[in-house]
Structures are given as C-alpha cells and as structure tokens.
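Student: okay, here's the prediction I keep looking at, along with the sequence it came from:
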Amino acid sequence: MNRVYFKATNSYEDREEIDGAGVALFKHLVEAEGLQLESFIPLKVHFGEKGNKTFIQPQNFLGLIQHLKDSNIGSEYIETNVLYRGQRTTEESHRALAVAHGFTQLPIHIADGEIGSDYELVEINKKHFKSCMIAKGIAKQKQIIVLSHFKGHILAGFGGAIKQLAMGCAARGGKLAQHANSVPEISFLKCRGCRVCGSRCPAKAITVNKKAKIHKDKCVGCAACMAVCPYGAIKNSWLASMTKPFYERLAEYAYAAAMGKNNIYITYALNITKHCDCEGHPMAPITKDLGIFASTDPIAIDQACLDMLDKQEGKKVFKKGRSVLAYGEEIGLGSRSYQLIEL
C-alpha cells in the first residue's frame, strides 16, 4: 500500500504557510520513502491561461525551489503547449504568459517545442495505444516533481496528478490522440487557402487548392497545423472525448509519461474550482481548501484528494471521470489503496 502525505492549510491567501508546507512535505517524502534524487529535477507546472486567476501561483513554490538550490539540484519550469488556440498554443506566447504570471524564478522549458511537434514515441503496448507522443523535453527526464492543482475539469471530470501527466506531458499530437480524433478538421468557411498549414506540416499531409485539405492516410496527428493556422480554421472534435475510452486513454498517456521515472507528486487542493486552469476567465472556488498532498503514486494521490473532498462535503463533488483511477490501477500506473499520513 503506497503512502500519501498530507498537510492541511488554513487559506490560499496564506502564501507563507503554503510555501512552507510544500517544502516540508517534499523533505518528509524523500526521507520517509528513501528516495534518491537526481542532480537535475524539473518542476512540471501549469502556468494558467490568460485571464485565469485561480491557478497555483509560483509564490507557493519558492521554498521548494530554494531547497533544490541548497541541495545543488538543478531545475526548471517545464510545460507543454496546449491543443486549443490561446496564449499557450505556441512556445513564444506560452513563455511570455508564464513570465507575465510570475514564473521567473527558474528557466522556462516548453518541452514540445515551438508549435508542439517535438516528441518522442514512448512504447507502452496497452489497449488504446501501442506508443504515446510524449514531449521530447519530458521524455528524456529521469525524475520530475509533478506539481498539480486539484480541481474540476469539463471533460476529465477532475484534474490532478494523472491529468498533469497525461495531457500535461503529451506533445500536441498526443493531446489530440487522447481526445480520440487523431486527424484535425478544417472549417470550409474559415479556411482562406493561405497555405501556411501545408508549409508547416511535417508529414506533407496537407494540400491546398482554394481550400486546405488534410489527407488522413498521411496525417500523423501532430496537430502542428492547428497551432499555425492564422484564421483558426483547424480544430479537433471535443465530442469524441465524452466516452469511457477517453478516461482510459488518459490513464495510458499518464502511464507513458511516468514510465521509467522516479517521479514525486505534490498536489495543491486549494482554490478548488469547478473547471480547469485552462479556462481563461476568473472562477470562484466551490469548496473550502483542503491542503497539500505528496506521494510517489499518481493514482493514490488523486484518490486521496477525492476521498478527502467527498468527506468534507458529505457527497461526491466530482462524479465524472473516476474510472481513470480503476483503469490506471489495472495497467500498473499506481494503486487506489493508500495510507494517509498527516504531518
């Protein structure tokens, strides 16, 4: 049975308490679990979409960053580009947003490159995927500190360590594959026939006459065309995500992202909102803060967050998406059984 360590916090406004709790949990986890730390450990974060106010801000990581420096461990903020169009679609605007949101304490590494097409195929041989497109800068790491914000999500039901691994560590094509529509769609009305998509397609799968056309037999699903289209004419179908296999695909990508790594998971169950930090508008928390969790098991830590929230509210708050835990356990990502140890 894997252990999940927990420290309650009184309020998200008490940044000093949260910062101290995060580094205390990290130190305790490393000692209690007898972990060997690499000489370089990136911090996997979410920079928050432009307009979002409830993402976990970098002031809460200062103690952890300083502890790594004091231990002569190199680090960086590491993240990947998103599938949809926004400030985090390309490396340049993504990096600028991160800086604007205060992530200046460490170098910033957008791990899947300029337009989300830099990846390594990680072989897993599971039910939905034989291999997964994991961002190149993440695939090569031996150990990552996965810093997650526990909250709701419109498609996944809830977001925590598993989603931070699955969507957060996948290159753009991997995100598209998880949404079960590996070939993007082109809007006939929006397409201007500008040829930008064709010129940037690494598989030469797009031809343009008056309008662009994606040839499904050549498309590799990297979704680079979605990032570079200046008119927003290329998109994926979100409807394909609203099925049970979607949660299984999430679990398989999380498995690929974590495979072979000695990761540490720290989850901030604070500012718990109904939807995700990818939504670029202010949101109000839907419940009281819980605190901070830490573990070496991404399934156990997500299960612990859900269990504590359910107990606090006297009901299941995030009902959708919990099957990801059972399937993730089935394929060896982690265990739903855990021992909670409160500091």
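Tutor: Sure thing, it's come through.
Student: domains in the chain, by residue range?
Tutor: In terms of domains, the chain is parsed into 2-179+241-342, 185-235 (source: automatic domain parsing).
Student: most packed of the ones you listed?
Tutor: Highest mean neighbour count of those: domain 2-179+241-342, a mean of 20 (counted as mean count of other Cβ atoms under 10 Å). Glycine gets a C-beta too; all of them are placed from N, C-alpha and C.
Student: worst average pLDDT in the domains of the chain?
Tutor: Lowest mean pLDDT within those: domain 185-235, at a mean of 87.
Student: okay, stretch 171-187 in CSV with CA atoms only?
Tutor: Only the C-alpha atoms of stretch 171-187 are listed here, as CSV (Å, rounded to 0.1, in the frame of the first residue of the first chain):
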residue,chain,number,x,y,z
ALA,A,171,3.0,16.8,-27.2
ARG,A,172,0.2,18.4,-29.1
GLY,A,173,-0.3,15.3,-31.2
GLY,A,174,-0.6,13.2,-28.1
LYS,A,175,-3.2,15.5,-26.7
LEU,A,176,-5.1,15.1,-29.9
ALA,A,177,-4.8,11.3,-29.8
GLN,A,178,-6.2,11.3,-26.3
HIS,A,179,-9.3,13.2,-27.5
ALA,A,180,-9.8,10.3,-29.9
ASN,A,181,-9.7,12.4,-33.1
SER,A,182,-6.2,12.0,-34.4
VAL,A,183,-6.9,13.9,-37.6
PRO,A,184,-7.8,17.6,-37.2
GLU,A,185,-10.8,19.0,-39.1
ILE,A,186,-10.7,22.1,-41.4
SER,A,187,-13.6,24.5,-41.5
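Student: so how far is Y84 from the closest residue to C276 other than its chain neighbours?
Tutor: Closest residue to C276 apart from its sequence neighbours, by Cβ to Cβ, 6 or more residues apart in numbering: H153 at 4.7 Å. When distance is defined by Cβ to Cβ, to the nearest Å, H153 is 14 Å away from Y84.
Student: with I214 instead?
Tutor: From I214 to Y84 the distance is 18 Å (Cβ to Cβ).
Student: and if you look at R3?
Tutor: On the measure of Cβ to Cβ, R3 and Y84 end up 37 Å apart.
Student: the closest residue to C194 other than its chain neighbours is in what secondary structure piece?
Tutor: Excluding the flanking residues, the one nearest C194 by Cβ to Cβ, 6+ apart is P230, at 6.6 Å. Here P230 sits in a region with no helix or strand, counting by DSSP states H and E.
Student: what's near enough to touch the residue nearest to C276?
Tutor: Contact partners of H153, counting by Cβ atoms under 8 Å, 6 or more residues apart in numbering, are 159, 163, 275-276, 321.
Student: in strands, which of the residues you listed fall?
Tutor: G159 (DSSP state E).
Student: now tabulate the contacts of H153 in a markdown table and tack on distance to K204.
Tutor: Listed next are those as a markdown table, based on distance: Cβ to Cβ, whole Å:
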| residue | distance to K204 |
| --- | --- |
| G159 | 36 |
| K163 | 33 |
| H275 | 38 |
| C276 | 34 |
| G321 | 37 |
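Student: now do the contacts for T54.
Tutor: By Cβ under 8 Å, 6+ apart, T54 lies in contact with 48, 151, 271, 273, 277, 282-283, 285.
Student: ok but it is inside a strand, no?
Tutor: No. Under DSSP: H, G, I helix; E, B strand; the rest coil, T54 sits outside any strand and is assigned coil.
Student: hang on, R322 packs against G157?
Tutor: Yes. At 6.8 Å, R322 counts as touching G157 under the criterion of Cβ atoms under 8 Å.
Student: strands of the stretch 1-150 of the chain, residue ranges please.
Tutor: 2-8, 43-44, 77-79, 108-110, 119-123, 131-135, 145-149 (DSSP state E, counting those that start in this stretch).
Student: out of the ones you listed, which gets nearest to K53?
Tutor: Among the strands of the stretch 1-150 of the chain, strand 145-149 comes nearest to K53, with 12.4 Å by Cβ to Cβ.
Student: show me how far the closest one is from its chain's centre.
Tutor: 8 Å (Cα atoms, centre = their mean, to the nearest Å).
Student: which residues touch it?
Tutor: Strand 145-149 is contacted from outside by 26, 41-46, 55-56, 61, 64, 159-161, 163-165, 263-268, 270-271, 277, 298, using Cβ under 8 Å, 6+ apart.
Student: partner strands of that strand, with direction?
Tutor: strand 43-44 (parallel), strand 264-269 (parallel) (DSSP bridges).
Student: contacts for the first one?
Tutor: To tie it back to what came earlier, the one meant is strand 43-44. 61, 64-65, 75-79, 106, 138, 144-147, 164, 168-169.
Student: let's see it at 10 Å
Tutor: 58, 61, 64-65, 68, 75-80, 103, 105-106, 109, 111, 138, 141, 144-148, 161, 164-165, 168-169, 257, 263, 265-266 (Cβ atoms under 10 Å, 6 or more residues apart in numbering).
Student: go ahead and confirm C169 touches Q178.
Tutor: No. Using Cβ atoms under 10 Å, C169 is not in contact with Q178; the gap is 11.1 Å.
Student: right, I'll call it a day here.
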